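Q: Fold the following for me, if possible:
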Amino acid sequence: MQKENNELRRSLGFGSAISIVIGTIIGSGIFFKQASILDSAGSSTMAIAAWVFGGVITLTAGLTIAEIGAQMPYTGGLYVYVENLYGRICGFLAGWMQVIVYGPAIIASVAGFMSIMITNLFGIDAKWRIPVALITIIAIGLMNFLENNVAAAFSVITTIGKMIPIAAIIIFGLFWGHQDALGQTVSEVNRSAGGFGVAVLATLFGYDGWILIANLGGEMKNPQKLLPKAIILGISSVLVIYTLITIGIFRFIPANMIHSLGENTTSYLATKSFGNIGGKLLSIGIIISMMGTLNGKIITFPRIVYAMARRGDLPFSRLLSYVTPKGKAPIIATVFIIILATIMMLFFDPDHLSDLCVFTIYCFYLMTFFGIFILRKKNKKRPFSTPLYPLVPIIAIGGGVFVLISELFNDPAGVLLFVGIVVIGLPVLYVVKRMDSKRLK
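A: Numbering: from 1, shown residues only. Okay, the predicted model is just below:
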């Protein structure tokens, strides 16, 4: 009876699913990464190419994962895929990585970027950025204490709302911009910024979030059909949108000015394009966009905690697997993720966090991409088949290797820290299972 009470509810349809995909992808990255990507790429042409290349890598990754996810439509996403493909230990590390490192870090990063926009909008001192980010995380977390329909509805609303500033930036930049989007170079490139590889890595933070819908497989009405559709249509839409936004920004603001403005590029664009009032309204639209992204992250990551706790893989699993009797919301898991995100926010810069997030998740993406070849041998009949097989998975694998090597050379110390945190999961699993076996005796 207890098991039945702790089941999540299958209530998410296609509209909610694709809104969560687009909503979790389009957030802070496209608005705050333009300067750092330009610095790394060295020119506007190569910066646009980086966004396109990152989108192609993400699309091939999505097509590959869609085939795997359609065969494993359960709550847990990547955690479930890696375990079914490679066994218990690897699956645990994939879950542990998302729960302890990737999830909290990406929530902290998005909230950090959003707090920059909020403090700029209201003229608040920069020292209030962390408190503002924390208040926002807590408020969205409290909303996720309710039924999943509430958070899903918020995702739909914010996804629709974020299209207003996106459309404004694209239209204004393309039709009223006076710069040449191609061929601009940065005269004072930051030499420590890396190169084209690091630029692509930065775009992948902007594209990241698409796989989080897989964590809700156990809450979809028909996951075998909905999951591939939501992933593929969502990523394809975002690829087009991001390319147009980037061209629009380069059409309106010279490359050297983008380099100088850094993270304030979007705020400058909003005010310069639409005046003080129009700029503030556009900034509010962008903040709503980031809230939608944050909501998508806070919806999905506690589900991984829940899935692992149901298996008894985490300390205090009974507590972490608790769901509310009426709404079936994993509230303890949500609190857990928020606490870890707060810790990340206090000790790391959001830009640095975003790059390390991408490296960490791609370690396990790469393992999962290889899994498509394993499943093809096992299962002749599939709910969804990746088109242009094996070319698409091979491109996804090549992109994954490219990401890992680029970040390893760019930030070996940060990589070592995050890999170390992931590896610590092994003794944690050992201790948890040892304690469980003693209780059973």
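Q: Beyond the helix or strand of the chain with the lowest mean pLDDT, next helix or strand please.
A: Lowest by mean pLDDT, DSSP states H and E among the helices and strands of the chain is helix 2-5, with a mean of 42. Proceeding N to C from helix 2-5, the next assigned helix or strand is helix 14-25, under DSSP states H and E.
Q: Alpha carbons of that following helix, in CSV - could you do that?
A: Written as CSV, here are the backbone C-alpha positions of helix 14-25 (Å, rounded to 0.1, in the frame of the first residue of the first chain):
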residue,chain,number,x,y,z
PHE,A,14,2.4,16.7,-25.5
GLY,A,15,1.8,20.5,-24.9
SER,A,16,3.3,20.3,-21.4
ALA,A,17,6.2,18.1,-22.6
ILE,A,18,7.4,20.3,-25.5
SER,A,19,6.9,23.4,-23.3
ILE,A,20,9.1,21.9,-20.7
VAL,A,21,11.8,21.0,-23.3
ILE,A,22,11.8,24.5,-24.9
GLY,A,23,11.3,26.2,-21.5
THR,A,24,14.2,24.5,-19.9
ILE,A,25,16.5,25.1,-22.9
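Q: For residue 341, give its distance to residue 132.
A: As judged by Cβ to Cβ, to the nearest Å, residue 341 and residue 132 stand 14 Å apart. Backbone N, C-alpha and C define where each C-beta goes, glycine included.
Q: who are the neighbours in contact with the spatially most central residue of the chain?
A: In the chain, the centroid-proximal residue (Cα atoms, centre = their mean) is residue 209; its distance is 2.8 Å. When contacts are counted by Cβ atoms under 8 Å, 6 or more residues apart in numbering, residue 209 is found next to 21, 24-25, 27, 106, 293, 296-297.
Q: switch the cut-off to 10 Å
A: 20-27, 29, 58, 106, 110, 234, 238, 293, 296-297, 300 (Cβ atoms under 10 Å, 6 or more residues apart in numbering).
Q: which phi and psi does it have?
A: phi 120, psi -20 (degrees, to the nearest 10).
Q: Quick check: which helices or strands does the helix or strand where residue 173 lies pack against?
A: Using DSSP H and E, residue 173 sits within helix 148-176. Counting contacts by 3 or more Cβ pairs under 10 Å, 6 or more residues apart in numbering; DSSP states H and E, helix 148-176 packs against helix 14-25, helix 29-32, helix 129-143, helix 223-252, helix 265-310.
Q: okay, and for the stretch 301-441 of the chain, where does confidence drop off?
A: 327, 350-351, 436-441 (pLDDT under 70).
Q: repeat that for 90
A: Counting by pLDDT under 90, the stretch 301-441 of the chain shows low-confidence ranges at 301-331, 334, 342-363, 377-389, 399-400, 402-423, 425-426, 428-441.
Q: Report how many residues lie close to residue 195.
A: Per other Cβ atoms under 10 Å, the neighbour tally for residue 195 reads 14.
Q: Compute the distance between the nearest residue to it once chain neighbours are set aside and residue 199, please.
A: Closest residue to residue 195 apart from its sequence neighbours, by Cβ to Cβ, 6 or more residues apart in numbering: residue 40 at 6.2 Å. Plainly put, residue 40 is 4 Å away from residue 199 if you go by Cβ to Cβ.
Q: Overlap in contacts, these two.
A: Shared contacts of residue 40 and residue 199 (Cβ under 10 Å, 6+ apart): 33, 46-47, 50, 193, 406.
Q: got these as a markdown table, with neighbour count, distance to residue 306 and secondary structure columns?
A: Shown next, in a markdown table, are the shared contacts of residue 40 and residue 199 (neighbours: other Cβ atoms under 10 Å; distance: Cβ to Cβ, whole Å; DSSP: H, G, I helix; E, B strand; the rest coil):
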| residue | neighbour count | distance to residue 306 | secondary structure |
| --- | --- | --- | --- |
| 33 | 27 | 31 | coil |
| 46 | 19 | 42 | helix |
| 47 | 30 | 39 | helix |
| 50 | 25 | 36 | helix |
| 193 | 20 | 39 | helix |
| 406 | 24 | 33 | helix |
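Q: Can you tell me which member of those has the lowest pLDDT score?
A: The member of those with the lowest pLDDT is residue 193, at 51.
Q: Assign residue 314 to helix, strand or coil.
A: Per DSSP: H, G, I helix; E, B strand; the rest coil, the local secondary structure of residue 314 is coil.
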